[in-house]
Structures are given as structure tokens and as C-alpha cells.
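Trainee: how would this look folded up:
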Amino acid sequence: MRRTHLLLLAGSILVGWGSSAARSNAEPAPLTTAYGNGVHAYFGGDFQSSYDALSGVIEAGGTDPRAHYFRGLAALKLGRIDEAEADFQQGASLEAEGRGSVGSRVIGRALERVQGCDRLKLEQYRGRARVAALERDREASRRRYSDIYESESDVLRSRRPERIRPAEPLAAPQPKAAEAEEPAANEPRAEAEEAAEPTKKPGGSSDDPFADESAAEK
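Mentor: Reported below is the predicted structural model:
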């Protein structure tokens, strides 16, 4: 039971908050009534009364783009071309930037009965305003991306470790001198050569048994 009461209380709070937010975004009742009178006068052919009623809405601080659109349409019928173009531009800016009290779908339904050259002229301003708003959004996105990229680059540069010096290469091991081994290797060869040579006795004698006899015969 307690949980059910809490859920009902939370639901009532959300509903009340949503309704208050919707009321805060809507136009006050007197401005809504004046706007309706201006539109009714326009479709009734009383363009001056329509212009005056919608001027009262705009001067009172109304942000409904439809008030600017219908006052501009009434100004066209009255021959006030410059005023009509200024109203079209202002209303299109409010609609494209989302600063108006109503959305584009509501505006489209209100303008369904307006046809012909006047509607084409109005739609030109609406299209230009949408393109301009889209370009501003893209430029803002590019700036945000550029700022994020630069900040990330600064962080990476600040965290980059110091450059480590490469270690010096180790010296290659030197081969051992071969001179110390050569005598040991040559010792058997020297002994063999000495053993092969005939041994000479002192005094010029040799081991040849016939050497003395040949010398005596001579």
C-alpha cells in the first residue's frame, strides 16, 4: 500500500509539472484571443482590422510566428511590401530557431488556407531561415568538435613521457690471439724435423762408415 501511494504521488507531481511547463510555453489567453481575431479578419477580407489586431499581439511580446506571418500577409494586401517582408523574416527566424511558442506543424496547419503568390513569397522566407539555422548549427558543431580535439591534444601532449635515450650497443667480443697457440701446435713438427736430420759429431765427423776410408784413399 505504501508503495502504491508513493507511485501515485510521484505521478501526480510529474503530471502537474508537465502541465505547468506547457502552460508556461503557451501564449497568454488575451494574446491568443487577439491572434484569433486577426486571423478571422484576414480570411474575412478586413485586412486593416487583421493588421491592427496582430500588431497588438506582437507589440505585447507575443512570440507566435503565425502572428508575424498573418500580419505580413495582411500588409501585402494593403500594399505595404516592406512591412510584409520584415514580418515574414521575423516570423521565419522565430520558427527556424525554435524561439516561437508553437512548432512548425501547428504553423503549417494554420497556413493551409493561404495559397497563391502570397504563400509562395512567405515560403521563400521560411526556407531561407531554415537553411540559415542549419548552417549555424553545423558551424557550432564544428567549433565544438574543434575545441574538443584541441583540448584532447593538449592533454595528450602534457602526458607524453620523456624521450628515452637508446642504450649504447655492447662491444663485440675480441678473438683470442692465435700466437700463443701456434708454438704448441708447431712443437711436434719441429721435433720431427730435428729427428729426421743426421746428427753431426764434433770435429766434422759423421756417422757415415765409409767417409774416412774414401778420404784416406785420396
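Trainee: just the element for Lys121, please.
Mentor: helix 117-159 (DSSP states H and E).
Trainee: look at Asp118 and say how many residues are nearby.
Mentor: 15 (other CB atoms under 10 Å). Glycine gets a C-beta too; all of them are placed from N, C-alpha and C.
Trainee: quick one: the helices in this protein?
Mentor: 2-25, 29-43, 47-59, 65-77, 81-96, 104-110, 117-159, 181-196, 211-217 (DSSP state H).
Trainee: got the buried residues for stretch 102-112?
Mentor: Residues Val102, Ile107, Ala110, Leu111 are the ones in stretch 102-112 that count as buried (16 or more other CB atoms under 10 Å).
Trainee: lowest average confidence, helix or strand, in the chain?
Mentor: None of the helices or strands of the chain scores lower by mean pLDDT, DSSP states H and E than helix 2-25, at a mean of 39.
Trainee: how far off helix 65-77 does the helix holding Lys121 point, in degrees?
Mentor: Relative orientation of helix 117-159 versus helix 65-77 (axes from the mean of the first three to the mean of the last three CA atoms, to 10 degrees): 140 degrees.
Trainee: identify the residues contacting Gly38.
Mentor: Applying CB atoms under 8 Å, 6 or more residues apart in numbering, one finds that Gly38 lies in contact with Ser49, Ser50, Tyr51, Asp52, Ala53, Leu54, Val57, Ala67, Phe70, Arg71, Ala74.
Trainee: and the two most separated of the residues you listed?
Mentor: Maximum pairwise distance among the contacts of Gly38 (CB to CB): 14.4 Å, between Ser49 and Ala67.
Trainee: quick one, which of these two is more surrounded?
Mentor: Set Ser49 next to Ala67 and count neighbours by other CB under 10 Å: Ala67 wins out with 29 against 16.
Trainee: please report the distance of that one from Glu139.
Mentor: Counting by CB to CB, to the nearest Å, the separation of Ala67 from Glu139 is 30 Å.
Trainee: one more: Tyr149?
Mentor: Taken as CB to CB, the span from Tyr149 to Glu139 is 16 Å.
Trainee: next one: Glu85
Mentor: Glu85 is 26 Å from Glu139, where distance means CB to CB.
Trainee: ok, now Gly91?
Mentor: For Gly91, the distance to Glu139 (CB to CB) stands at 23 Å.
Trainee: so the two - more neighbours on which side?
Mentor: Set Gly91 next to Glu139 and count neighbours by other CB under 10 Å: Gly91 wins out with 27 against 10.
Trainee: so the more buried one touches Ala75, yeah?
Mentor: No. Between Gly91 and Ala75 there is no contact, the gap being 12.0 Å when judged by CB atoms under 8 Å.
Trainee: dump the residue contacts of Ala92.
Mentor: Neighbour list for Ala92: Pro65, Tyr125, Arg126, Arg128, Ala129, Arg130 [criterion: CB under 8 Å, 6+ apart].
Trainee: by neighbours, which of those wins?
Mentor: Pro65 (28 neighbours).
Trainee: all set, thanks.
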